[in-house]
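Student: The sequence and its predicted three-dimensional model are supplied below.
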Amino acid sequence: MPSYMHFGEADLLRIRFAVSPLWETQSAVRILKRPDRHGYHLPWLRRIRRAADELDLTALWLLMPQRGHSPDFLGPPPIGPAASFEEEIAAVRRADPEAARHDMAWALSCTPGASDSPQGRAFVADPARAVRELADAMECAWHTLVEPDWPRLRALLEADVAFHSRRLAETGLEGLFADLHPRLRWSEGTLVLTTPGDHVRDLGGQGLMLLPSVFCWPDVVTGFEPPWQPTVAYPARGIGALWAQPTGSAPEALARLLGAKRAAVFLALDEPAGTTALAQLLGLAPSSVSAHLSVLRDAGLLTARRYGHQVLYERTPLGIALAVSSHPVAS
């Protein structure tokens, strides 16, 4: 049965995007337990496997049912558009124990036998202690699984926000939601999610938070209950190339025109990206990438816009034409 999110007039004025390191952390923890979701992340999984094996994630996994409710307090909507992990995990630690007890009991009931397990009973009997232990486990998971790659992940997520912000300006809500995920559609003031579930939410003037995610692929996720901010998490654009290694080469003609490294920077901008992300992707020094970007921008091949703490670069129409012409079309 589809899920429905009903918008009022005030909600239409309060649609906004955010990026959440805490959400990515809990999604990364979940994906470790789901081999069917490993597809786009195999290079990351191979790299972190040994460190991940040293983590004790059993308490977190117990509250992450295959289907059903996961505790909202443990992976809440972002507290701001660019909150740090430290700010977000501090909010988890401040969770009300009684609200957490209800949240955990609901999640445990979604997995057969979980409520009667020793750990499940301990969670419900002492929710304040459970909140502390779960926050500690999530913080360890952040440092091991996500933090080393966070600059790259954040750059991709912020590029997604920049893209869809333009889509909203160009096409309105109907076009925006149709582009976020095939299971989302806009219909007469209601956002419809055509996926198994039975969730109906009147936004009540709170508006909607849109949250791009690397690790939630291929799902789109909603279901936050009051009083939490209504939120939709959706797969970010560009994750297919997220873990790609630099090829070290560019088409010969373009390399002769721009120089090999500058051409590589130029061709890496299939999606908007910042200096740090490009440097990591290409294995170049950030200072070198910054210099190449400045030259390409001065030549009219790139444009730049500030988003949050960084500057995102993308191709101009002239740059797009040059990039397309540099790749031979297969016959």
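Tutor: Structure's in. What do you need?

Student: I'd like to know how far the residue lying closest to Glu98 once chain neighbours are set aside sits from Ala137.
Tutor: The shortest distance from Glu98 to any non-neighbouring residue, by C-beta to C-beta, 6 or more residues apart in numbering, is to Pro127 (7.0 Å). Glycine gets a C-beta too; all of them are placed from N, C-alpha and C. Distance of Pro127 to Ala137, computed by C-beta to C-beta, to the nearest Å: 15 Å.

Student: same thing with Ser187?
Tutor: Distance from Ser187 to Ala137, counting by C-beta to C-beta: 40 Å.

Student: now swap in Ala279 and tell me
Tutor: Here the criterion is C-beta to C-beta. By it, Ala279 lies 32 Å from Ala137.

Student: same check, this time on Ser3
Tutor: Distance from Ser3 to Ala137, by C-beta to C-beta: 29 Å.

Student: what's the burial count for the closest residue to Gly68 other than its chain neighbours?
Tutor: Of all residues not flanking Gly68 in the chain, Cys110 sits nearest, at 2.9 Å (C-beta to C-beta, 6+ apart). Number of residues near Cys110 (other C-beta atoms under 10 Å) recorded here: 16.

Student: Begin at 14 from now on, thanks
Tutor: Sure thing, new numbering starts at 14, so read that last one as Cys123.

Student: Go ahead and confirm Cys123 touches Pro84.
Tutor: No: the pair Cys123 and Pro84 does not pass the contact test of C-beta atoms under 8 Å, sitting 10.7 Å apart.

Student: Contact partners for the residue of the chain most remote from its centre?
Tutor: The outermost residue of the chain relative to its centre, with distances by C-alpha atoms, centre = their mean, is Arg269 at 37.2 Å. Going by C-beta atoms under 8 Å, 6 or more residues apart in numbering, Arg269 touches no other residue.

Student: need the next SSE after whichever strand or helix holds His115, C-terminal direction.
Tutor: In the assignment (DSSP states H and E), His115 maps to helix 110-122. Next in sequence after helix 110-122, counting helices and strands by DSSP H and E, comes helix 131-138.

Student: shouldn't Ala277 be in contact with Leu294?
Tutor: No: contact status for Ala277 versus Leu294: not in contact, 9.3 Å apart, counting by C-beta under 8 Å.

Student: quick one, which of those two is more surrounded?
Tutor: When Ala277 and Leu294 are compared for neighbours, Ala277 comes out ahead with 24 against 21, by other C-beta under 10 Å.

Student: Would you mark the buried spots in the one helix or strand the more buried one maps to?
Tutor: Using DSSP H and E, Ala277 maps to helix 273-280. Using 16 or more other C-beta atoms under 10 Å as the test for burial, helix 273-280 gives 274-280.

Student: nearest to Ala31, of these?
Tutor: Using C-beta to C-beta, Val278 comes nearest to Ala31 of those, at 28.6 Å.

Student: Quick check: pLDDT value at the closest one.
Tutor: pLDDT, Val278: 92.
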